[in-house]
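Student: Got a sequence here, can you build the structure:
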Amino acid sequence: MVKAGVGINQNLSDHKKAASDAGVEALGKLGGSQPNIVFAFSSIQYNQEDVLAGLKSVFPSALIVGGSAAGEITSWVTNFDSVNVMAVASDQISFATGIGANVQADSSKAGAMAVEDLIKNKGGQKPNLLILIVDGMAANGSAVVEGARSVLGADAPMIGGSAGDDYLFKKTYEYYNDKVVTDTVVAVGFYGDFSYGFGIRHGWTPVGLPVKVTKANGVWIQELDGQPALKLYEDYFGKEASELVKEPLARMAYTYPIGIAVEGSDELLIRDPVIANEKGEISMAAAIPEGATVRLMIGDKDKAIDAAKWAAEMARGQLEGRNPAFILMFNCMARNKLLGLRCHEENQIVQKAIGAEVPMLGFYTYGEIGPLLGKKNTPAYFHNETMTLLVVGE
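Tutor: Next up, the predicted model:
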């Protein structure tokens with residue numbers, strides 16, 4: 001048995017009550033079952049400590065994980081000023097959590113620590129499935145994934161996303177049971193007899209010619225083909241570098257990310273630009289190594305929605321005929337900015353493909369985690385601008 005219930009609330013006048021009311025709504029859909037784990041995400045407009053206090057008042061004994069978001073998603077609505085909650089009860093899946101700190105100082109180490117802590121908390125057992133919730137402003141997402149893979153193995157099944165802060169790009173928060181934390185990686189392990197499916201696709205297409213990263217330092221691309229990296233955007237937008245550094249580059253270039261060629265795959269891995277500096281360097285959402293071949297990418301609304309449909313059908317198919325119990329969606333905030341009012345179409349098409357009655361919870365992220373195209377038994381990567389779905393079944 002796997003049951004899930006979803007609730008959402010927008011009470012900005014009482015942040016604790018907003019969370020507790022969303023929790024009560026989710027709990028009421030479990031038919032009397034008590035949840036093992038609760039997933040929750042909220043707008044940064046809410047006091048995060050109050051959100052967690054409200055959740056603990058409803059779920060005193062359940063594990064609680066989640067964090068701040070750049071938009072909150074449920075089966076029936078997408079909001080940008082709410083608290084959303086999914087409560088999961090199961091007698092065939094057990095859960096464990098772990099945490100890795102100081103992700104800004106050493107993202108790989110923090111990713112490894114979170115998984116090691118999870119395994120320790122489960123008596124030495126490695127999980128059948130791993131979810132990672134990552135600090136969206138402090139972490140090098142690709143290094144977090146590498147750290148987790150170093151513990152679990154190169155092809156270990158993992159999925160997840162980076163916390164957001166309503167497109168402010170200042171500070172994000174993560175929920176770890178009874179604590180609101182930041183600068184962390186939160187790991188969630190699934191154990192037992194269950195089915196699951198991944199669906200991962202972006203729908204962005206390359207423009208212009210390939211270029212090579214000739215100089216990089218961590219998340220900073222310094223040079224492309226021997227020239228300042230920002231020239232790629234100067235040439236495309238017709239703006240001087242001095243104009244492009246005045247505000248986060250992500251606010252202007254969210255529909256023009258960078259795609260990285262991955263050996264053995266036709267699917268380009270997407271990386272978002274975040275900010276640029278006066279030297280013409282670009283800080284990316286995750287590191288791109290020197291020597292990598294990259295392309296400027298462009299987004300299209302119809303292709304983005306088609307990608308969501310493809311991802312949902314892929315995830316549903318991986319259940320191999322078993323009934324889906326719930327959906328977790330990790331969806332990039334750039335997709336929302338691209339789609340605008342059409343963002344609801346993504347949710348609708350996912351539900352139609354997987355099942356209109358299947359509870360769904362999600363949030364708009366600052367980065368997503370999972371294998372290219374959702375293929376099981378292949379390495380997980382850190383993505384941007386990518387529809388990323390987990391469907392859990394019986």
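Student: Just say helix, strand or coil for Leu390.
Tutor: Following DSSP: H, G, I helix; E, B strand; the rest coil, Leu390 is assigned to strand.
Student: How about the spatially closest residue to it that is not a sequence neighbour: which residues does it bridge to?
Tutor: Once flanking residues are discounted, Leu390 sits nearest to Leu328: 4.5 Å by C-beta to C-beta, 6 or more residues apart in numbering. For every residue, glycine as well, the C-beta is placed using N, CA and C. On the basis of DSSP bridges, Leu328 is bridged to Leu361, Leu390.
Student: Which pLDDT value belongs to Leu328?
Tutor: Looking at Leu328, its pLDDT reads 98.
Student: check contacts around it.
Tutor: 39, 86, 131, 159, 360-362, 389-390, 392 (C-beta atoms under 8 Å, 6 or more residues apart in numbering).
Student: now Gly203, nearest residue through space, not along the chain?
Tutor: In space, Gly203 is closest to Ala307, 3.1 Å off (C-beta to C-beta, 6+ apart).
Student: re earlier: now pLDDT, distance to Ile200 and neighbour count too, for the contacts of Leu328, in TSV please.
Tutor: Converted to TSV, the contacts of Leu328 look like this (pLDDT from 0 to 100; distance: C-beta to C-beta, whole Å; neighbours: other C-beta atoms under 10 Å):
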residue	pLDDT	distance to Ile200	neighbour count
Phe39	98	19	27
Met86	98	20	28
Ile131	98	14	23
Ile159	98	8	23
Met360	98	16	24
Leu361	98	17	27
Gly362	97	14	29
Leu389	98	7	29
Leu390	98	10	24
Val392	98	15	24
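Student: Quick one: these as CSV, columns for distance to Leu12 too.
Tutor: What follows is these, written out as CSV (distance: C-beta to C-beta, whole Å):
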residue, distance to Leu12
Phe39, 21
Met86, 21
Ile131, 28
Ile159, 31
Met360, 24
Leu361, 20
Gly362, 21
Leu389, 29
Leu390, 29
Val392, 31
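Student: Nearest to Gly124, out of the residues you listed: which one, please.
Tutor: Closest approach to Gly124 among those (C-beta to C-beta): Ile131, at 19.6 Å.
Student: circling back to that earlier point, wait, what's in contact with the residue nearest to Gly203?
Tutor: Per C-beta under 8 Å, 6+ apart, neighbours of Ala307: 201-203, 387.
Student: Which of the residues you listed sits closest to Gly192?
Tutor: Met387 (27.0 Å).
Student: okay, that closest one: pLDDT?
Tutor: So Met387 comes in at 97 (pLDDT).
Student: do Val219 as well
Tutor: On the pLDDT scale, Val219 gets 86.
Student: Surely it is in contact with Ala285?
Tutor: Yes. Val219 lies in contact with Ala285 (C-beta atoms under 8 Å); the separation is 7.4 Å.
Student: For those two, indicate the residue with more neighbours.
Tutor: Counted by other C-beta atoms under 10 Å, Val219 and Ala285 do not tie: Ala285 has more neighbours, with 30 against 20.
Student: Give me the residue at the spatial middle of the chain.
Tutor: Nearest to the mean C-alpha position of the chain, by C-alpha atoms, centre = their mean, lies Gly161 at 1.9 Å.
Student: wait, it sits on Thr365?
Tutor: Yes. Contact criterion C-beta under 8 Å: Gly161 and Thr365 qualify, at 3.6 Å.
Student: Show me what Tyr196 is bridged to.
Tutor: Under the criterion used (DSSP bridges), Tyr196 bridges to Val392.
Student: Which strands border the host helix or strand of Lys212, and is each parallel or antiparallel?
Tutor: Element membership of Lys212 [criterion: DSSP states H and E] is strand 205-217. According to DSSP bridges, strand 205-217 has the following sheet partners: strand 220-224 (antiparallel), strand 293-298 (antiparallel).
Student: Tell me how many other residues surround Ser150.
Tutor: 16.
Student: Wasn't it part of a helix?
Tutor: Yes. Counting by three-state DSSP, Ser150 is found in a helix.
Student: that older thread, just the closest of the contacts of Ala307 to Pro35, please.
Tutor: Met387 (26.5 Å).
Student: I figured that closest one was touching Ala311, is that so?
Tutor: Yes. Contact criterion C-beta under 8 Å: Met387 and Ala311 qualify, at 4.7 Å.
Student: overlap in contacts of those two?
Tutor: 199-201, 350.
Student: Nearest to Pro379, out of those: which one, please.
Tutor: Ile200 (12.4 Å).
Student: Now the closest residue to the closest one other than its chain neighbours: phi and psi?
Tutor: In space, and not counting its chain neighbours, Ile200 is closest to Gly374: 4.0 Å by C-beta to C-beta, 6+ apart. Per-residue torsions, Gly374: phi 70, psi 20 (degrees, to the nearest 10).
Student: follow-up on the earlier one: mind exporting the helix or strand containing the residue nearest to Gly203 as PDB, just the C-alpha atoms?
Tutor: Under the criterion of DSSP H and E, Ala307 resides in helix 301-317. Output of helix 301-317 as PDB, limited to C-alpha atoms (Å, rounded to 0.1, in the frame of the first residue of the first chain):
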ATOM      1  CA  LYS A 301       7.000  27.100 -25.700                       C
ATOM      2  CA  ASP A 302       5.600  24.300 -27.800                       C
ATOM      3  CA  LYS A 303       8.800  22.300 -27.700                       C
ATOM      4  CA  ALA A 304       9.000  22.700 -23.900                       C
ATOM      5  CA  ILE A 305       5.500  21.400 -23.500                       C
ATOM      6  CA  ASP A 306       6.200  18.500 -25.900                       C
ATOM      7  CA  ALA A 307       9.300  17.700 -23.700                       C
ATOM      8  CA  ALA A 308       7.100  17.500 -20.600                       C
ATOM      9  CA  LYS A 309       4.700  15.100 -22.400                       C
ATOM     10  CA  TRP A 310       7.600  12.900 -23.400                       C
ATOM     11  CA  ALA A 311       9.000  12.900 -19.900                       C
ATOM     12  CA  ALA A 312       5.700  12.000 -18.400                       C
ATOM     13  CA  GLU A 313       5.200   9.100 -20.800                       C
ATOM     14  CA  MET A 314       8.700   7.900 -20.200                       C
ATOM     15  CA  ALA A 315       8.200   7.900 -16.400                       C
ATOM     16  CA  ARG A 316       4.800   6.100 -16.700                       C
ATOM     17  CA  GLY A 317       6.300   3.500 -19.000                       C
END
